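Undergrad: next come a sequence and a model predicted from it.
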Amino acid sequence: MTTPIAILPPYGWLVGLLAGAFLLFGPEASRAQGRLEAQYEATLAGIPVGKGSWTVDIGEEAFSASAQGGTAGLLKAFSGGSGSGASQGRIVNGIPVATAYSATTTTAKKSETIRMVLAGGTIKDSAIEPEPPVDADRIPVTDAHKKGVFDPMTGSLLRVPGNAELMSPDVCRTSAGVFDGRMRYDLKLDFKRVEMVKAERGYHGPALVCAVYFVPIAGYIPDRPVIKYLAAQRNIEIAFAPIAGTRLLVPFRMTIPTPLGQAMLEATSFVTTAAPPRVAKTQ
């Protein structure tokens with residue numbers, strides 16, 4: 001991240017800051033299964049600057065998620081770019097637990113791929129290709145920073161524990177750590193409101209709106225203006241909507257103020273389908 005513009009393409013929003021870690025762990029096991037197919041549009045001060053798609057599959061024993069996007073409109077004319085990301089893993093007591101994560105970004109100047117291997121919330125291995133130069137001003141990421149964290153993609157799934165209402169204010173009141181392959185940060189949430197949302201295609205119903213506070217921990221350069229700007233923001237918010245058939249909420253819309261006007265990522269299509277749980281065969 002170098003400027004607020006750099007996080008506007010859907011990939012940068014959805015798989016980076018947007019994807020933050022919001023899983024709420026609950027003790028109850030769940031066999032719910034569902035699928036999300038969504039399309040998003042990114043705007044800056046009301047002007048389209050990017051488009052992207054996101055697919056999430058929640059199975060009985062495994063899950064997968066993938067996203068891709070790129071710049072559009074005026075931004076594409078000045079600075080074309082695209083990206084993709086994917087995460088997969090197991091379902092443990094009804095909770096998605098990632099085992100692998102990858103993300104690729106491509107611009108006119110370069111292409112970069114991040115890969116991570118995870119186990120039980122610990123980063124076991126990570127690499128950036130091509131390997132970036134060492135920057136002495138960057139706060140080092142230690143092994144301790146890589147424990148008890150989520151990858152950005154899996155972290156975007158907000159878990160509602162037990163029998164709590166999906167739109168309960170307490171679902172927002174959480175925080176967790178994220179490692180994106182380069183930077184370690186915390187995202188803290190708090191309840192703001194419940195509102196009705198409507199995609200052009202698909203979901204029409206309530207959304208849980210949470211305030212989001214960005215806290216950089218390591219892997220960043222303290223003097224970077226965008227880091228200071230995001231850390232100081234108190235008006236970032238995400239509206240979460242449910243995946244049918246599950247107790248998971250995913251981002252429907254995100255807004256963040258920037259010096260150039262309000263930036264927004266919002267679903268234009270948000271189609272979720274529930275899969276019936278598998279029934280064990282009896283003799």
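TA: Structure received.

Undergrad: so where is this protein shaky, pLDDT-wise?
TA: 1-32, 73-80, 276-283 (pLDDT under 70).

Undergrad: which other helices and strands contact the helix of greatest length in the chain?
TA: Secondary structure assigned by DSSP state H gives helix 225-232 as the longest helix of the chain. Applying 3 or more C-beta pairs under 8 Å, 6 or more residues apart in numbering; DSSP states H and E, one finds that helix 225-232 contacts strand 204-218. Every residue, glycine included, has its C-beta placed from N, CA and C.

Undergrad: buried set for the strand it packs on?
TA: 206-214, 216-218 (16 or more other C-beta atoms under 10 Å).

Undergrad: residue 185 reaches residue 176, doesn't it?
TA: No. Using C-beta atoms under 8 Å, residue 185 is not in contact with residue 176; the gap is 10.2 Å.

Undergrad: who has more neighbours, these two?
TA: Higher neighbour count among residue 185 and residue 176: residue 185, with 23 against 19, using other C-beta atoms under 10 Å.

Undergrad: quickly note the distance from the more buried one to residue 209.
TA: Distance, residue 185 to residue 209, by C-beta to C-beta, to the nearest Å: 21 Å.

Undergrad: could you do residue 269 as well?
TA: The spacing between residue 269 and residue 209, counted by C-beta to C-beta, is 20 Å.

Undergrad: what's the neighbour count on the residue nearest to residue 115 when sequence neighbours are not counted?
TA: Sequence neighbours aside, residue 102 is the residue nearest to residue 115 in space, at 4.9 Å (criterion: C-beta to C-beta, 6 or more residues apart in numbering). The tally of other residues near residue 102 (other C-beta under 10 Å) stands at 19.

Undergrad: how far away is residue 102 from residue 227?
TA: Distance from residue 102 to residue 227, by C-beta to C-beta: 24 Å.

Undergrad: ok, now residue 71?
TA: Here residue 71 is placed at a distance of 22 Å from residue 227 (C-beta to C-beta).

Undergrad: neighbour count for those two, which is higher?
TA: Just comparing residue 71 and residue 227: by other C-beta under 10 Å the higher neighbour count belongs to residue 71, 26 against 18.

Undergrad: is the more buried one bridged to anything, and to what?
TA: Here residue 71 sits in beta bridges with residue 50, as judged by DSSP bridges.

Undergrad: quick one: the strands in the stretch 151-283 of the chain, in order.
TA: Taking DSSP state E, counting those that start in this stretch as the test, the strands found in the stretch 151-283 of the chain are 158-159, 175-179, 184-198, 201-202, 204-218, 237-242, 248-258, 261-275.

Undergrad: nearest to residue 61, of those strands?
TA: When the strands of the stretch 151-283 of the chain are compared by C-beta to C-beta, strand 261-275 sits nearest residue 61, at 12.6 Å.

Undergrad: that closest one vs strand 248-258, what angle?
TA: 170 degrees (axes from the mean of the first three to the mean of the last three C-alpha atoms, to 10 degrees).

Undergrad: strand 261-275: partners in the sheet, and parallel or antiparallel?
TA: Sheet partners assigned to strand 261-275 using DSSP bridges are listed as strand 33-44 (antiparallel), strand 201-202 (parallel), strand 248-258 (antiparallel).

Undergrad: end-to-end on stretch 82-102?
TA: Terminal residues of stretch 82-102 are spaced 14 Å apart (C-alpha to C-alpha, to the nearest Å).
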